[in-house]
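# here you go, sequence then predicted model.
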Amino acid sequence: MSPANIDRQVFIEVVRLARLKRFVDEHYADPLPLEVAARVAGLEKTYFSTFFRRQTGVGYHSWLRWIRIQRALELMQQHQLRVTQIAFEVGFGDLRTFERAFRKCTGSCPRDTISRLDVGFASPSVQSESTAIRGDRADGLDGYQVAQYGNTTRTWTIRGSALTIHDSHVTKR
């Protein structure tokens with residue numbers, strides 16, 4: 001199972017996981033080894049991995065990687081940082097590890113994702129733009145953004161860890 005498919009309710013109903021989730025939301029950029037996560041959850045390291053997997057269906061490190069990639073996607077939408085800066089900002093120790101994790105979670109490389117996002121936002125001829133984000137951003141970024149450029153409408157859709165960009169062209173008569 002993918003971390004994107006975790007029942008988000010488990011992080012509310014299970015007190016130990018709720019505590020861990022709050023901690024990770026505040027410290028995702030810090031090194032968060034299994035020992036730290038177990039201590040925050042109030043469990044022994046040897047039992048924590050089993051507990052986490054039973055409750056969520058995924059391993060702790062996969063989930064942490066997914067959380068960090070979600071934060072990276074948020075930073076990419078702000079268009080203020082380079083890929084290397086984003087990697088360090090979200091807790092990866094080196095660019096190569098970040099790129100591998102990003103590709104595994106999203107199916108594309110970070111630079112391609114930024115380029116796809118930049119194509120629309122960099123254009124000075126934006127006529128209209130709207131954004132809607134729904135859901136619990138701490139658990140995953142679900143939302144969309146729409147921008148109108150002349151006769152082209154660009155829609156960015158983010159569901160779980162998947163970013164989809166769709167252009168539709170309107171022919172004026």
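Now that the structure is in, tell me what you want to look at. Numbering: from 1, shown residues only.
# give the helix, strand or coil label for residue 66.
Under DSSP: H, G, I helix; E, B strand; the rest coil, the three-state class of residue 66 is helix.
# ugh, wrong one, residue 36
Three-state call for residue 36 (three-state DSSP): helix.
# same check on residue 31?
Secondary structure, three-state DSSP: residue 31 is coil.
# what's the neighbour count on it?
8 (other CB atoms under 10 Å). Placement of C-beta: from N, CA and C, glycine included.
# and if you look at residue 96?
Neighbour count for residue 96, taken as other CB under 10 Å: 10.
# next one: the one 10 residues further on
For residue 106, the number of neighbouring residues by other CB under 10 Å comes to 21.
# roughly how far apart are it and residue 94?
When distance is defined by CB to CB, to the nearest Å, residue 106 is 18 Å away from residue 94.
# repeat for residue 83
From residue 83 across to residue 94, the span is 12 Å (CB to CB).
# likewise residue 38?
25 Å.
# need the helix or strand of the chain with the lowest average pLDDT.
Lowest mean confidence among the helices and strands of the chain (mean pLDDT, DSSP states H and E): strand 126-134, at a mean of 40.
# could you list the low-pLDDT ranges of the protein?
Residue ranges of the chain with pLDDT under 70: 1-2, 5, 79, 118-173.
# so where do the helices sit in it?
Taking DSSP state H as the criterion, the chain carries its helices at 10-13, 15-27, 34-41, 45-56, 60-78, 83-89, 95-106, 110-121.
# and of those helices, who's closest to residue 3?
helix 60-78 (3.5 Å; CB to CB).
# domain parsing of the protein, as residue ranges.
3-106, 115-169 (automatic domain parsing).
# pull up the distance across the longest one, start to finish.
It refers to domain 3-106. Domain 3-106 has an end-to-end distance of 12 Å (CA to CA, to the nearest Å).
# rewinding a little: more neighbours, residue 83 and residue 94?
residue 83 (18 against 10).
# can you tell me the closest non-neighbouring residue to that one?
Nearest residue to residue 83, sequence neighbours excluded (CB to CB, 6 or more residues apart in numbering): residue 110, at 4.7 Å.
# repeat that for residue 12.
Here the residue nearest residue 12, using CB to CB, 6+ apart, is residue 18, at 5.9 Å.
# if we can go back for a sec, deepest in the core, which of the helices of the chain is it.
helix 60-78 (a mean of 21; mean count of other CB atoms under 10 Å).
# which residues touch that helix?
Contacts of helix 60-78 with the rest of the structure, by CB atoms under 8 Å, 6 or more residues apart in numbering, involve 2-4, 6, 24-25, 28-29, 32, 34, 37, 48-49, 52-53, 56, 81, 86-87, 89-92, 98, 101-102, 104-106, 110, 113-114, 117, 137, 140-141, 145, 158, 161, 163.
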